[in-house]
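1. just the structure for this:
(one chain, ligands or ions: 2)
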Amino acid sequence: MNNLSKEIQFVKGIGPKRANKLNKLGIFTLKDLIYYFPRQYEDRSNIKKITQLENDEKASIKGIITRMDTYSPKKGMNITKIDVRDESGYIRLVFFNQEYITKVFKSGDSILAYGKVKIENNFKELSSCEIEHYTNAPQSTCKIQPVYPLTYGLTNKELESIIKSVLLKEEFKVKEYLPRYIIEKYKLCGIDYAIRNIHNPTSKDALKIALYRLVFEEFLVLQLGLFYFKSGVNESNGIEFKENEKLNDIVNSLPFKLTKAQNRALDEILEDMQSSKVMNRLVQGDVGSGKTVVALLSLASGVLNGYQGALMAPTEILASQHYESFKETLETFNIKSELLVGSLTKKQKDKVLEKVKNQEIDILIGTHALIEDKVEFKNLGIVITDEQHRFGVRQRGRLSNKGDSPDILVMTATPIPRTLALILYGDLDISIIDELPPGRQPIETIAIEHKRRSEAYENLVRDEVKKGRQVYVVCPLVDESEKIEATAAVELVEELKREFFSDLRVGLLHGKMKPSEKDSIMDDFKNKRLDILVSTTVIEVGVNVPNATLMIIENAERFGLAQLHQLRGRVGRGKHKSYCILIYNSKTEVCKERMSIMEETTDGFKISQKDLEIRGPGEFFGTRQHGIPELKVANIFKHMKILKLAQIEARYIIGQDVKLQLEENKKLKEEILYKFSEREEISLN
Ligand code: ADP
Ligand code: MG
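-> Ligands and ions are numbered 1, 2, ... in the order given. Next comes the predicted model:
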């Protein structure tokens, strides 16, 4: 028996010190360890004849030791040379500071070796090599060698041997959790075989079989989980909203004319709302394309039909901004909006909840607070999630469960490739707002090296402020914690005041501030009582202050491209020309490439695509972006066929057993809950 939830430090042969290193790789339990898969493999299984070796290649050879020699060219250095021959020729193996080799091997021994070939004047040498006695079960040479993703402090060899030591234990067996009927139907190997062979493949075929099983399983669990959490929704039993003249009055009261793209999206939404099918639509529109007003009109249309609506946003700042603009537009039409956020007092909250329950409030706007159990609607007809990539799958599901099959709309500025959208939402419809409101001037982006930082502050900032404009300064992203990030922000404000702007009004916004403090700072900035707002990434999404025309991002190399794009979208929201200065402090090629992408394009779709190329799908589709479990081996591009199979199977399973209660699906359900639960926490931050 083995308990996969066992903490790694208590596993025999690992101990606290190694456990510490493993923790850095995100490995805490035995399960984490055996599911920590190699990033790639080095195929060393092909033994080459010595005469066939080519310069600079890495290769495995087999031969007999003919001569050995160790000498010390200088103090602290020791070179061992071993001459080896096979039936075709000779090669010399060279080792630095590995004296023990002379104790383990001797002339006449049969050996296997793997290393890098150097050929000069027909003389062959094998360097950086690994050597072992010839057996039928080679340990490091002549096999398919796993290569793990690592951080400092832990070598590939060490990790490999830790994993092997666990897997090789007699009693260690990973228990199957896929139902037998699935294993048989898709001819999958067992999980124990798959895990063993992904870490220590006995052959190329074995590796293939193992991978296939693991890829299938990852897709199945992902897809089934998504269906499972969505299962409350009866897709054919939607509300049939009616057209209402008054909506036109609201449209006409807006201070601007809707763009063609906004009109098209709105039409598509209204058509969905009027049909009996439950709307399940994603609105993709680049930063600043005007998604909010589309949300407002959709919600208003629901209210004009006698229903309530809800709008969930990822931050309090954004929620209250939406609330302000809704109130301004809708109050005259007697549509009542209210704000529900974590920072309200209990008394305030209770009052709001009471009114929502009685339908004295038509549109409830808020953060995650909306999905708490005590929030009850009388008649919820439409649910909108803004910046949906910030929420987990379960959170979105929970909001729509507060109504009886309400229509669902999600909005995002981070475009999702069609294939991923299909996985995430099944038969999701997509509206695209591919047009910015008229009069916008493209944001000019300039990347500068850190050493030119003060120029940016001295000249650019001052110029903008002189013109009556306002400026954002975004602090470096700090991974460790919001607290450290906040400290960095405080320091930056002090520096800016001291060094550059003793005469200007500089404000500070960070995640550790009380919501009321945040509100009042945002209010000051909106009402031009501040010239410069220094902020952490709390302003990343949604914030709308059209008079802000310059954004300076410090240590821009630490941000993802999509994130830079979101941040940059805080400027260029009004009629004035806007600028974004990226200050970077890195000389790597990747950094330069990323910076120049940001300089060259302001098209969010293109940027997203590039981000995908640079970071790879694994990270891009990971939890942070979309609230779904990480895919470790499966790749939605590469394994499209397997994905489709898994999708069909998942749909079938959920059709038979909506709640996954059948005995045969029990273990699978546990796995789904496990995979989706750890993710939820992250997306709640
Ligand atoms: P996002 O799509 O990034 O959420 P917003 O909805 O916040 O964008 O809109 C950005 C700004 O554009 C807001 O100030 C909004 O009032 C304005 N806006 C939206 N639609 C139009 C339009 N059709 N014409 C002019 N301005 C518009
Ligand atoms: Mg928005």
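
2. quick one: low-confidence residue ranges for the stretch 251-400 of the chain.
-> Residues of the stretch 251-400 of the chain that meet the criterion pLDDT under 70 lie in 388-390, 392-396.

3. what ranges do the helices span in it?
-> Ranges of helices within the stretch 251-400 of the chain are 260-274, 291-304, 316-330, 346-357, 393-400, based on DSSP state H, counting those that start in this stretch.

4. walk me through the domains of this protein.
-> Here the domain assignment for the chain is 46-142, 174-231+635-685, 245-433, 444-621, based on automatic domain parsing.

5. so which of the helices of the stretch 251-400 of the chain gets nearest ligand 1?
-> Closest approach to ligand 1 among the helices of the stretch 251-400 of the chain (C-beta to the nearest ligand atom): helix 291-304, 3.2 Å. Where you see a C-beta, it was placed from the backbone N, CA and C, and this is true even at glycine.

6. between the helices of the stretch 251-400 of the chain, which one is nearest to Pro438?
-> Across the helices of the stretch 251-400 of the chain, Pro438 has its closest neighbour in helix 260-274 (10.4 Å, C-beta to C-beta).

7. neighbouring contacts of that closest one?
-> Residues from elsewhere that reach helix 260-274 (C-beta atoms under 8 Å, 6 or more residues apart in numbering): 239-243, 258, 279, 281, 283, 285, 289-290, 293-294, 297-298, 301-302, 382, 407, 409, 429, 431-435.

8. can you name every helix or strand that the strand or helix carrying Glu184 contacts?
-> Glu184 is part of helix 180-185 when elements are defined by DSSP states H and E. For helix 180-185, there is no helix or strand it packs on, judged by 3 or more C-beta pairs under 8 Å, 6 or more residues apart in numbering; DSSP states H and E.

9. so how far is the helix or strand just after that helix from its chain's centroid?
-> Sequence-wise, the next helix or strand downstream of helix 180-185 (DSSP H and E) is helix 191-199. For helix 191-199, the separation from the chain centroid amounts to 27 Å (computed by C-alpha atoms, centre = their mean, to the nearest Å).

10. buried residues, helix 191-199. List them.
-> Neighbour-count burial for helix 191-199 flags 191, 193-199 (criterion: 16 or more other C-beta atoms under 10 Å).

11. correct me, but Leu258 touches Ile250?
-> No - when contacts are counted by C-beta atoms under 8 Å, Leu258 is not listed as touching Ile250 (11.2 Å).

12. what about these two, which has more around it?
-> The neighbour comparison of Leu258 against Ile250 (other C-beta atoms under 10 Å) goes to Ile250, with 20 against 17.

13. against ligand 1, how distant is that one?
-> 14 Å (C-beta to the nearest ligand atom, to the nearest Å).

14. the bottom helix or strand of this structure by mean pLDDT?
-> Ranking every helix and strand in the chain by mean pLDDT, DSSP states H and E puts helix 623-626 at the bottom, with a mean of 44.

15. which outside residues touch the helix or strand following that one?
-> Counting by DSSP H and E, the element after helix 623-626 in chain order, helix or strand, is helix 640-656. Outside helix 640-656, the residues within contact range by C-beta under 8 Å, 6+ apart are 182, 185-186, 212, 215-216, 219-220, 222-224, 227-228, 231, 419, 423, 634, 636, 660, 662, 665.

16. those in helices, which ones?
-> Counting by DSSP state H, these place 182, 185, 212, 215-216, 219-220, 222-224, 227-228, 419, 423 in helices.

17. just to revisit the earlier point, buried stuff in the helix holding Glu184?
-> 182-183.

18. any idea how far that helix is from the middle of the chain?
-> With C-alpha atoms, centre = their mean, you get 32 Å for helix 180-185.

19. and for stretch 244-251, what's in contact with it?
-> With C-beta under 8 Å, 6+ apart, stretch 244-251 has contacts from 258, 297, 300-301, 304-305, 329-330, 333.

20. if we can go back for a sec, buried ones among the contacts of helix 260-274?
-> Listed as buried from those are 239, 241, 258, 279, 281, 283, 285, 289-290, 293-294, 297-298, 301-302, 382, 407, 409, 429, 431-434; burial here means 16+ other C-beta under 10 Å.

21. what parts of the stretch 151-300 of the chain come near ligand 2?
-> Within the stretch 151-300 of the chain, the positions adjacent to ligand 2 are Lys291 by C-beta under 5 Å from the ion.

22. give the contact list for Gln201.
-> One correction, residue 201 is Pro, not Gln. Counting by C-beta under 8 Å, 6+ apart, Pro201 touches 41, 143-144, 146, 207, 210.

23. for whatever residue of the stretch 301-450 of the chain ends up closest to ligand 2, which non-adjacent residue is closest in space?
-> Residue of the stretch 301-450 of the chain nearest ligand 2, by C-beta to the ion: Asp386 (5.8 Å). Leaving aside its chain neighbours, Asp386 sits nearest to Ala313 (4.5 Å; criterion: C-beta to C-beta, 6 or more residues apart in numbering).

24. any idea which strand is longest in this protein?
-> If you go by DSSP state E, the chain has its longest strand at strand 58-71.

25. so which bits of that strand are buried?
-> Applying 16+ other C-beta under 10 Å to strand 58-71 flags 59-63, 65, 68 as buried.

26. got the contact list for it?
-> By C-beta under 8 Å, 6+ apart, strand 58-71 touches 42, 44-50, 53, 78-86, 90-91, 99, 102, 105-117, 126, 134, 141-142.

27. quick one on the thing from earlier: as JSON lines, the buried residues of helix 191-199 with distance to Thr536 would be great.
-> Formatted as JSON lines, those follow (distance: C-beta to C-beta, whole Å):
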{"residue": "Ile191", "distance to Thr536": "43"}
{"residue": "Tyr193", "distance to Thr536": "48"}
{"residue": "Ala194", "distance to Thr536": "43"}
{"residue": "Ile195", "distance to Thr536": "41"}
{"residue": "Arg196", "distance to Thr536": "45"}
{"residue": "Asn197", "distance to Thr536": "45"}
{"residue": "Ile198", "distance to Thr536": "40"}
{"residue": "His199", "distance to Thr536": "40"}
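
28. quick one: which of the residues you listed is nearest Leu339?
-> Nearest to Leu339 out of the buried residues of helix 191-199 is Ile191 (C-beta to C-beta; 48.4 Å).
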